[in-house]
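J.: based on what follows, work out the 3D shape:
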Amino acid sequence: MSVRLILGSSSPRRRELLTLMGLAFESARPDIDETPFPDEPAAAYVERMCREKAAAIILESNDPALILTADTTVVLNGQIVGKPADPDEARAMLSSLRGRAHTVLSGLALRNTQQGTIQVRVIETSVYLRSYSDAEINAYVDSGEPFDKAGGYAVQDARFHPVERLQGCATNVMGLPVCAVWAMLRAAGLKLGDQSPIPLGCDPEHTLQGVSSCRWPV
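T.: So this is what the prediction gives:
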């Protein structure tokens with residue numbers, strides 16, 4: 001019996017990244033409260049979120065399945081930076097991140113319904129934003145792009161191009177670190193093709209320090 005792969009996310013970008021990896025999957029949307037606990041560290045928060053999302057996916061059949069969930073957040077000076085709720089908050093976020101380094105954390109969970117096990121990882125990328133102008137911020141906010149994105153920006157945005165450089169996995173900043181996903185699926189015994197889709201420069205096991213930006217279609 002084949003094992004179903006289920007992406008527990010409604011994110012179009014995560015679906016696109018899994019598709020680019022050549023994986024067949026289904027999608028489901030977990031419904032959980034994503035409010036951080038008071039003083040909750042960012043790494044603990046994304047780990048808790050991906051675990052809760054994986055547990056919230058209820059299947060209608062008993063067919064073996066791997067349920068993949070993720071949660072991504074921006075961290076500045078140790079504080080979680082969420083998604084902007086309105087234009088003023090988006091401008092404030094983009095201004096605070098401008099010309100500075102921050103961290104993007106993604107929690108990944110892979111739940112094996114047949115074995116009753118779960119793999120969890122937290123992946124970190126350092127991101128350096130360029131010194132864009134106030135006029136660029138206003139134009140980007142007016143476009144409506146910031147409002148469904150942690151930190152108010154998308155690394156792959158071709159017009160705003162906010163990122164000057166990054167250290168670590170680029171797809172992590174997009175919301176789904178494909179290198180870590182590939183390693184987790186392989187460890188779970190999912191039959192994968194011979195040719196890994198892991199981007200150039202990315203460390204599949206995340207054992208190297210200072211790994212350069214991986215390259216992926218953006």
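
J.: quick one, what contacts the residue most central in space within the chain?
T.: Relative to the mean C-alpha position of the chain, the nearest C-alpha, by Cα atoms, centre = their mean, is the one of Gly175, at 2.0 Å. Shown in contact with Gly175 (Cβ atoms under 8 Å, 6 or more residues apart in numbering): Ser11, Arg13, Arg14, Leu17, Ala70, Thr72, Ser106. The way it works is simple: take the backbone N, C-alpha and C, and place the C-beta from them, glycine included.

J.: in helices, which of these appear?
T.: Arg13, Arg14, Leu17 (DSSP state H).

J.: and the second one, how far from Ala70?
T.: Put plainly, it is Arg14. From Arg14 over to Ala70 the distance is 6 Å, taken as Cβ to Cβ, to the nearest Å.

J.: is there a quick ChimeraX command that grabs whichever of the ones in helices among the contacts of Gly175 are buried?
T.: Listed next is the ChimeraX selection for buried residues among the ones in helices among the contacts of Gly175, using 16 or more other Cβ atoms under 10 Å:
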select :13,14,17
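
J.: out of the ones in helices among the contacts of Gly175, which is nearest to Asp157?
T.: Arg13 (11.4 Å; Cβ to Cβ).

J.: OK, contacts around the closest one?
T.: Met174, Gly175, Leu176.

J.: just give the nearest non-adjacent residue to the second one, would you?
T.: Spatial nearest neighbour of Gly175, chain neighbours left out: Thr72 (4.6 Å); criterion: Cβ to Cβ, 6 or more residues apart in numbering.

J.: what do you get for the first one?
T.: For Met174, ignoring the flanking residues on the chain, the nearest one in space by Cβ to Cβ, 6+ apart is Arg13 at 5.5 Å.

J.: dump the helix ranked longest in the chain to CSV, restricted to CA.
T.: Looking across the chain with DSSP H, the single longest helix is helix 42-56. The C-alpha trace of helix 42-56 is given here as CSV (Å, rounded to 0.1, in the frame of the first residue of the first chain):
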residue,chain,number,x,y,z
ALA,A,42,10.7,32.0,18.8
ALA,A,43,12.3,28.5,18.2
ALA,A,44,9.9,27.0,20.8
TYR,A,45,7.0,28.8,19.2
VAL,A,46,7.6,27.5,15.6
GLU,A,47,8.2,24.0,17.0
ARG,A,48,5.0,24.1,18.9
MET,A,49,3.1,25.4,16.0
CYS,A,50,4.2,22.7,13.5
ARG,A,51,3.5,20.0,16.1
GLU,A,52,0.0,21.3,16.8
LYS,A,53,-0.7,21.7,13.0
ALA,A,54,0.3,18.1,12.4
ALA,A,55,-1.9,16.9,15.3
ALA,A,56,-4.8,18.9,14.0
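
J.: if you average pLDDT over that helix, what comes out?
T.: Here helix 42-56 scores 96 as its mean pLDDT.
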